[in-house]
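Trainee: fold the following, please.
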Amino acid sequence: MSDSTESPNIIKIPVPKLNLGMFVTAIDRNNSTVAIANAGQIKSRTAIAQLVKNNIKHVWVDVERSSDTCGLKKVTTQEVPGKPLAKKAIVSRDIQQTQAKQILSEAKGLIKKVLSETFEGKAVEVAPFEAVADKMIESVMDDADAFKCISALRTKDAYLLEHSINVAFLLVTFGKHLKLDIDVLRQMAVGGILHDIGKVKVDNKILHKPGKLTPEEFEHMKLHQTYAVEIMDDTQGLSQISKDVCLMHHEKLDGRGYPKGLKGDEIPLHGRMSCIVDIFDALTATRCYKEAMSPAAAFKILISLTPFHLDQSLVYEFIRCVGVYPVGSLVQLSDERVGIVWEAKNRDALHPIVKCFYSLKHKRYTDVVMVDLLKAEVNIERGISPSSLDVDPSPFY
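Mentor: Numbering: from 1, shown residues only. Coordinates of the predicted model:
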């Protein structure tokens, strides 16, 4: 039997039992499975008649990709025999996004407070950051899609705050993908939130300069890591992993990074992860001197920085973790509609649910529609950056 029929969602159905909307993946010919090039939902009775005419007795149908109205009952987790699972309350996406907004708001408020206190010379308290990190981890463990959508909303003036939170969130997501221990995830999240703490002592004119830095200005900017070392040394209860994430995100495998010029194995796993995550989030953010880049374009740059700057195998793992079209990113469909990648949990990278709101073809807003690419006749044409649109997508998040 071929791979296409080994999934529990693929079932064998007699042709006379076929209904409109069923997604046919293969035909059964002489007790042998034959994949078909034009796999898809049955749109007319003519297609069923053609199968009968060709003497096809059975076909293979993908239940998940079939229409909800075709008569097939989809298998739920509770129906699978075996050990019963503890029932968990189903939380709506609206509630999940409200919770994600609250976590982000709390994290922003905390970072603002700490930046202000650090500027005044006060020591950082770790406990409040650990509490935020725990909420972030819980959100990722439950369902990261809501958090991804909210964190995709970026503003130029709040870059430092949002970047710190996103780096923490991406480290938790990446760490979960790599099956790291939950305590390590917590320590990485705290390090991510604090990773740019040294910038509080950088000259504001250089920090927010809307153009390329001169060599002298760049040397001053690099001092934020020196300042961070001093701040970390004065912080009680901060783990080594948290410190590493904060102090290693500008190191390079070839030893040409800063502040210590660490090389190869001198940079541990969590340090290498922070390098990747920091660059990716910076590239996909709108800044005072540049527009946001699409995730796909950012992935190309990450790959170009291997193996001398970034760990090549980790970069490819990160791309697998985030997905070619990450939740919260903008995509153009093959019918020229534009939408937000809305849901990707338990789906392959090319078939998320997309929240469509605009037509490039007609240059106007459309009715907001959720398009399930597992069931639709359209596909993702390409990922796009917000700057390529003539309209603001933020109201649709």
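
Trainee: every contact and neighbour count from this point should use C-alpha atoms.
Mentor: OK.

Trainee: phi, psi for the nearest residue to Gly257 once chain neighbours are set aside please.
Mentor: For Gly257, ignoring the flanking residues on the chain, the nearest one in space by C-alpha to C-alpha, 6 or more residues apart in numbering is Glu251 at 4.0 Å. Main-chain dihedrals, Glu251, degrees, to the nearest 10: phi -80, psi 160.

Trainee: what of Arg29?
Mentor: Listed backbone geometry of Arg29 is phi -120, psi 110, with angles given as degrees, to the nearest 10.

Trainee: got it, and Leu269?
Mentor: According to degrees, to the nearest 10, Leu269 has phi -50, psi -50.

Trainee: still on that earlier bit, neighbours around the residue nearest to Gly257, how many?
Mentor: As a burial measure, the neighbour count of Glu251 was computed by other C-alpha atoms under 10 Å and equals 25.

Trainee: go on, Lys122?
Mentor: 14.

Trainee: and it, which of the three is it?
Mentor: Each residue gets one of three states, and Lys122 gets coil by DSSP: H, G, I helix; E, B strand; the rest coil.

Trainee: before we move on, the earlier item: for the residue nearest to Gly257, which residues are in contact?
Mentor: By C-alpha atoms under 8 Å, 6 or more residues apart in numbering, the contact list for Glu251 reads 257-263, 267, 275, 309.

Trainee: how much space separates it from Lys263?
Mentor: Taking C-alpha to C-alpha, to the nearest Å as the measure, Glu251 and Lys263 are separated by 8 Å.

Trainee: got it, and Ile231?
Mentor: As defined by C-alpha to C-alpha, Ile231 lies at a distance of 24 Å from Lys263.

Trainee: ok, now Thr306?
Mentor: Distance from Thr306 to Lys263, counting by C-alpha to C-alpha: 14 Å.

Trainee: again, but for Lys17
Mentor: Taking C-alpha to C-alpha as the measure, Lys17 falls 64 Å from Lys263.

Trainee: which one of the two has more residues nearby?
Mentor: When Lys17 and Lys263 are compared on other C-alpha under 10 Å, the one with more neighbours turns out to be Lys263, at 16 against 8.

Trainee: next one: that one from Asp254, what distance?
Mentor: Lys263 is 5 Å from Asp254, where distance means C-alpha to C-alpha.

Trainee: before we move on, what about Val190?
Mentor: From Val190 over to Asp254 (counting by C-alpha to C-alpha), the distance is 27 Å.

Trainee: these two - which one has more neighbours?
Mentor: Legend: neighbour count by other C-alpha under 10 Å for Val190 and Asp254, higher for Val190 (32 against 14).

Trainee: just checking, that one touches Pro128?
Mentor: No. Val190 is not in contact with Pro128 according to C-alpha atoms under 8 Å; the separation is 9.5 Å.

Trainee: could you say which helix or strand holds the closest residue to Glu106 other than its chain neighbours?
Mentor: Spatially, and ignoring its direct neighbours in sequence, Glu106 is nearest to Val132 (7.5 Å; C-alpha to C-alpha, 6+ apart). Using DSSP states H and E, Val132 sits in helix 127-151.
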